[in-house]
Structures are given as structure tokens and as C-alpha cells.
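J.: Okay, here's the prediction I keep looking at, along with the sequence it came from:
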Amino acid sequence: MSARTIAPAARVRGALRVPGDKSISHRYALLAALADGRSQLAGYAPGADCRSTLACLRALGVEISTAGDAVTIVGHGLGGFSPPQAPLDAGNSGTTMRLLAGVLAAQPFRSTLVGDASLSRRPMRRVIEPLERMGARIESTEGHAPLVIHGGPLRAIEHRPRVPSAQVKSAVLLAGLHAEGVTSVIEPARTRDHTERALVAFGARVACTGSTVSMAGRQRLAARSLSIPGDFSSAAFWLVAAAALPGSEVAIEDVGLNPTRTALLAVLRRFGARVEVRPSAPDDGGEPRGAVVVAHDRTGDVVIGPEEVPGLIDELPALAALAAHGGTVTVRGAAELRVKESDRIASLVAGLRGLGLEAEEWPDGFTVRGGGPPRGGAADARGDHRIAMAMAIAALGARQPCTIDGAETVAISYPDFFETLDRLVA
């Protein structure tokens with residue numbers, strides 16, 4: 001395990017680009033592999049999670065080449081994958097495992113999906129159940145990985161997930177792409193819509209009405225050349241730091257502005273920050289993008305209720321760090337955080353306490369109280385990239401240097417995080 005020491009900072013300032021969007025990168029890679037022809041993806045996310053998706057696709061016989069953040073994928077069309085010769089390793093990536101399960105459910109062979117210790121603890125019944133209703137047979141260990149998928153012909157279903165989940169919705173839609181009939185997902189709350197947009201970008205017809213997404217199966221996909229915007233969830237850490245530290249201003253260039261992802265901006269305005277959004281021209285893939293500038297103005301309390309959680313689920317660790325810079329942050333209705341890369345409620349509370357903050361844990365959330373700069377100390381990232389980055393942003397407001405144990409886990413989504421942090425506080 002590597003550790004990083006973070007010194008207190010007076011401010012953060014600068015303009016930057018963040019790595020390509022992780023959610024979009026996964027989806028573009030999978031759809032490019034299912035399309036007919038050669039797709040070129042610019043700005044592909046550099047982290048370990050998205051590399052896991054590429055490695056799994058290669059193991060299924062897909063030709064993939066990379067040059068920097070550019071990825072070329074020669075699609076095999078629907079039903080064109082080859083049986084893998086070994087288990088497909090999703091690493092730490094829940095997106096890889098769940099979305100690929102939807103694709104593998106339709107393949108005429110047996111395949112096995114495995115992951116690291118963290119991923120093997122994450123719940124998979126929520127994706128197993130609809131895929132088995134569609135006709136696949138999936139073996140698991142009490143609803144956890146490894147997943148042994150016996151694929152074959154699928155039938156369309158109407159699925160009503162109990163818990164809002166873009167990954168489950170996406171797995172069902174990817175399976176539905178191969179199925180006979182019209183597959184529908186009716187969400188209990190709106191989740192990120194990158195899969196719907198990506199399917200349309202690759203030539204599919206998708207109907208979105210209210211909380212229902214529907215798609216006819218057996219549609220052929222066409223190869224595309226697409227550019228991936230910066231990852232808003234990675235940008236969130238810098239936006240929070242800029243909102244929190246007096247004299248700060250950070251501009252994030254060419255970042256994704258999908259409205260299902262940007263709820264953080266309204267929260268930062270409530271906190272007291274100045275927020276400016278500068279949209280760019282429409283994206284070929286249907287993904288809004290542009291620049292976001294956040295500057296410190298004042299600080300206040302933040303309360304996040306259950307109705308806001310689905311649109312903030314990946315940004316909640318960053319928001320927790322606001323309390324290190326003043327005010328109180330309360331989150332409720334976020335029990336889903338307990339089944340992420342770590343139990344993020346427990347990890348956040350323990351980490352922030354380790355830095356000297358007063359934090360309280362609830363079954364479905366947490367409260368972190370500011371009231372002055374924390375004394376400093378040590379926090380454990382617990383193998384979770386977003387916890388590592390949240391602790392680093394909180395540490396900027398401490399009186400003494402702070403140590404983040406397990407800091408290397410940022411490589412899952414943002415390998416250059418600490419180098420960027422050094423530049424912004426210089």
C-alpha cells in the first residue's frame with residue numbers, strides 16, 4: 001500500500017482537463033465491439049476500470065489497438081464474439097462486470113466473469129434476475145461473483161428495478177439488443193442515460209418516455225468515430241476544492257455536461273460557490289459537453305435528501321469533503337453507498353474522523369460537521385478510489401499535513417490525480 005501526505009493549502013487555482021468519462025468509455029467500447037466495422041474512440045478513460053473492459057473484449061476475440069487515449073476497435077457485430085479461453089477478469093470494475101453480463105447472456109457459449117476481492121463482495125442479484133428472466137442461466141456465489149453465464153437466445157422483458165441503477169438498466173438494454181421483441185426498463189428514479197445516448201450514436205433506435213426506456217432487439221449497430229468528454233465525477237473533486245477554499249477558482253475544460261450527471265453544480269451553488277457553465281457545440285455522440293468554472297464565495301451547510309441521491313451517487317464522497325472547510329454536510333437516503341467499491345458510508349466517516357472531523361454514520365448516510373479546520377491526521381482509502389480523492393480534498397483544509405493510506409487506488413479512475421493536485425495548489 002502506498003501513502004500520500006497532503007499539506008494544507010491556502011487555495012486552488014488553474015484550468016485543466018480531466019480524464020475521459022469512465023461511464024461513457026465503458027459503453028462506447030462495448031457497443032463498438034458489437035458494431036459492424038472499425039470504430040475510433042478519442043479521449044478514452046485511462047484508468048484501470050476501463051482497461052479491464054478492453055481486456056475482457058480482447059479475450060472475446062475483439063481486435064483492439066491503443067495509442068495514448070485513442071482506442072480503435074474492430075467490431076464483430078451481434079453474436080460475433082469468440083468463447084473465452086479463461087475467466088474474464090473485470091478487476092475492480094462493477095460497470096465492466098454488470099454491462100458485460102448483459103452482452104454475454106446472449107452469446108451461444110459459457111463464460112465466467114471474475115473480479116478482485118472488492119468486486120466479489122458487490123451485489124449481482126439485481127442483474128442476474130432480469131437476465132435469467134430473459135433466458136440466460138447464471139451461476140453465482142450467493143449472488144456475488146464469480147458469475148458463470150450460460151448464454152443463448154433471449155426474449156424481451158419489461159423490467160422494473162427496485163433500486164435505481166444505471167448499470168442494471170444498461171445490462172438489460174444490452175441483453176435486449178440481442179433479444180426478440182421490445183425490451184423496456186421502467187426506473188423508480190432517473191439515472192444516468194449514457195447507454196441510451198450511446199446506443200443512438202451507434203445507430204440504434206431507442207424510445208425514452210418519462211421513466212421508461214424501450215428498445216427493439218436485433219438492431220444492427222454501425223461503427224463510429226467518437227470523442228469522449230472529460231469525466232464529470234473526476235472533475236467534482238476540483239470543483240469542491242474550489243468552492244471550499246477562499247481565493248480559489250478552477251476551470252474544467254471540455255467536461256461532460258450530461259444533465260443526469262451535473263446535479264453537483266446546484267449543490268455547490270447552495271453551499272455558496274459561484275458556478276459558471278459554458279456549453280460547447282453539440283457532441284456527435286449526443287453527449288453535452290463544455291467548460292465549468294467554480295470559484296469560492298461563501299460557505300454554508302449542505303443537506304442531501306433521498307430524492308437527490310440518484311443524481312449525485314458518485315459525487316457524494318467529494319461533497320463530504322466540504323465539511324473540512326466549514327459548514328455541515330448531511331446525506332440521507334444513500335444506502336446504495338454501502339455496496340460500492342467499499343462501504344462508502346463507513347469509509348467516509350472513518351476517514352474524516354481520522355483527519356480530525358466530527359462525523360456520524362447512519363444506515364443510509366452520514367453527517368459531517370465542520371466548525372473549524374480539522375487538526376489533521378491519517379485516513380485509509382480502503383481500496384476505494386473516490387475515498388482516496390475525497391480524503392485528499394478534505395486534507396487541504398486541515399491545520400497539519402494529513403496522510404492518505406492506500407492512495408494508489410486513484411489509478412482506478414484518475415491516475416494523474418495527485419500530480420494535478422500539486423499543480424493546482426502550487
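T.: Received it, and whenever you're ready, just let me know what you need.
J.: does Leu265 sit in a helix, a strand or a coil?
T.: The three-state label given to Leu265 by DSSP: H, G, I helix; E, B strand; the rest coil is helix.
J.: For the residue nearest to it when sequence neighbours are not counted, give its distance to Val292.
T.: Distances taken as C-beta to C-beta, 6 or more residues apart in numbering place Val275 nearest to Leu265, at 5.2 Å, with adjacent residues excluded. Using the backbone N, CA and C atoms, a C-beta is placed for each residue, glycine as well. Using C-beta to C-beta, to the nearest Å, we find Val275 at a distance of 7 Å from Val292.
J.: which one of these two has more residues nearby?
T.: Val292 (27 against 19; other C-beta atoms under 10 Å).
J.: Could I get the phi/psi values of the residue nearest to Leu265?
T.: In terms of degrees, to the nearest 10, the main-chain angles of Val275 are phi -130, psi 130.
J.: pretty sure it is in contact with Val293, am I right?
T.: Yes - the pair Val275 and Val293 passes the contact test of C-beta atoms under 8 Å, sitting 7.4 Å apart.
J.: circling back to that earlier point, residue contacts, the residue nearest to Leu265?
T.: 265, 268-269, 292-294 (C-beta atoms under 8 Å, 6 or more residues apart in numbering).
J.: Could you verify my assumption that Asp301 touches Thr328?
T.: Yes - at 4.7 Å, Asp301 and Thr328 qualify as touching, with contact defined as C-beta under 8 Å.
J.: one step back: name the residues contacting each of Val275 and Val292.
T.: Joint contacts of Val275 and Val292 (C-beta under 8 Å, 6+ apart) are Leu265.
J.: Which pLDDT value belongs to the residue lying closest to Ala378 once chain neighbours are set aside?
T.: Using C-beta to C-beta, 6+ apart and skipping the chain neighbours, the partner closest in space to Ala378 is Thr403 (4.3 Å). We have a pLDDT of 98 for Thr403.
J.: Isn't Thr403 up against Ala7?
T.: No - the criterion here is C-beta under 8 Å, and Thr403 misses it with Ala7 at 10.9 Å.
J.: out of those two, which sits in the more crowded spot?
T.: Counting neighbours by other C-beta under 10 Å for Thr403 and for Ala7 shows that Thr403 has the greater number, 18 against 13.
J.: Tell me how this structure divides into domains.
T.: 3-20+230-425, 22-227 (automatic domain parsing).
J.: show me the contacts for Ala175.
T.: Contacts of Ala175 (C-beta under 8 Å, 6+ apart): 102-103, 105-106, 130-131, 134, 136, 154, 183.
J.: what about 6 Å?
T.: By C-beta atoms under 6 Å, 6 or more residues apart in numbering, the contact set of Ala175 is 102, 105-106, 131, 134, 154.
J.: quick one: Pro415 and Leu174, what's the gap?
T.: 27 Å.
J.: no, scratch that, I was asking about Ala323
T.: For Ala323, the distance to Leu174 equals 39 Å [C-beta to C-beta].
J.: What of Asp301?
T.: 41 Å.
J.: Looking at those two, which has the bigger crowd around it?
T.: Leu174 (27 against 16).
J.: per-residue confidence at the more buried one?
T.: 98.
J.: Doesn't it belong to a strand?
T.: No - Leu174: not assigned to a strand; according to three-state DSSP it is helix.
J.: tell me the contacts of the nearest residue to it once chain neighbours are set aside?
T.: Excluding its sequence neighbours, the residue lying closest to Leu174 (C-beta to C-beta, 6+ apart) is Gly102, at 3.7 Å. By C-beta under 6 Å, 6+ apart, the residues touching Gly102 are 171, 174-175.
J.: Going by secondary structure, Gly102 is in what exactly?
T.: Assessed by DSSP states H and E, Gly102 sits inside helix 94-104.
J.: And the next helix or strand past that helix?
T.: Next along from helix 94-104, by DSSP H and E: strand 110-114.
J.: Present the contacts of Gly102 as JSON lines; the columns should include distance to Ile228.
T.: Converted to JSON lines, the contacts of Gly102 look like this (distance: C-beta to C-beta, whole Å):
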{"residue": "Ala171", "distance to Ile228": "21"}
{"residue": "Leu174", "distance to Ile228": "18"}
{"residue": "Ala175", "distance to Ile228": "24"}
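J.: out of these, who's nearest Ala334?
T.: Ala334 has its nearest neighbour among the contacts of Gly102 in Ala171, at 22.0 Å by C-beta to C-beta.
J.: Which residues belonging to stretch 178-192 are considered buried?
T.: 178-179, 183-185, 187, 191-192 (16 or more other C-beta atoms under 10 Å).
J.: so where do the helices sit in the stretch 51-200 of the chain?
T.: 94-104, 125-134, 166-176, 194-201 (DSSP state H, counting those that start in this stretch).
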